[in-house]
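**Q** Got a predicted structure here, sequence first:
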Amino acid sequence: MTVSLGPYPLCAICRQTNGGLVAVSHRQFHLRAHGKEACVDQGLAGLIDALWAVCDTRSCCEQDGDRAYVVPEWGSLDAAHEMLVRLGLKPTERHGILYFEPPATPFLSDPEQVQNRLRRPATTSVTWRVTGGKFQVSAQPAANG
């Protein structure tokens, strides 16, 4: 028996290991990271790469209505929640699922962009300015208060 939840196919490896699931509602990326591998929603590939460094996940979705979600394995909810907070995603938890609004800037698909954000102190404020016809970025501690 096969199950198709949408038009985007899983890779051949994942079709054999996912209990009959063959297609889903978002484009997939076969991710290999931190000793794990699975097809994940392309828009969350960078986030899942980072999460797998601190926890296992059972599921994710880049857009479920107006929000995205990840489902960390039992016992690792706190580690996943902390990482989402560090990324500025303001997660809310319900029944072991961490929901968050997808960011306006789609950085969650790129592992390098996710890692860059994680390296930035949580209190960093980033400002873009146009000087002499060129964009310049400056990062500084955000004002407390």
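**A** Received, thanks.

**Q** where along the protein do the helices fall?
**A** Taking DSSP state H to define them, one finds helices in the chain at 12-17, 45-51, 77-86, 111-119.

**Q** Any idea which residue is closest to the centre of the protein?
**A** The residue lying closest to the centre of the chain (CA atoms, centre = their mean) is Leu47, at 2.9 Å.

**Q** does it really touch Pro91, like I thought?
**A** No: distance between Leu47 and Pro91: 11.2 Å, which falls outside the contact criterion (CB atoms under 8 Å). The C-beta positions use only the backbone N, C-alpha and C, and glycine is treated the same way.

**Q** Skipping its backbone neighbours, what lies nearest Arg58 in space?
**A** Using CB to CB, 6 or more residues apart in numbering and skipping residues adjacent in sequence, the residue nearest Arg58 is Val71, 4.5 Å away.

**Q** residue contacts, Val85?
**A** Pro91 (CB atoms under 8 Å, 6 or more residues apart in numbering).

**Q** Can you give me the distance of it to Gln16?
**A** Applying CB to CB, to the nearest Å, the value for Val85 to Gln16 is 36 Å.

**Q** So, low pLDDT: which residues of this structure?
**A** Applying pLDDT under 70 to the chain flags residues 122-126, 135, 137-145.

**Q** and Met1, how many residues sit next to it?
**A** The criterion is other CB atoms under 10 Å. On that basis, Met1 has 4 neighbouring residues.

**Q** quick one, what contacts it?
**A** Gly20.

**Q** residue boundaries of the strands in the chain?
**A** 3-4, 8-9, 21-24, 28-33, 36-41, 57-64, 67-72, 92-94, 97-100, 124-131, 134-141 (DSSP state E).

**Q** mind checking how far the first one is from the chain centre?
**A** Spelled out, that is strand 3-4. The gap between where strand 3-4 is centred and where its chain is centred comes out at 24 Å by CA atoms, centre = their mean, to the nearest Å.
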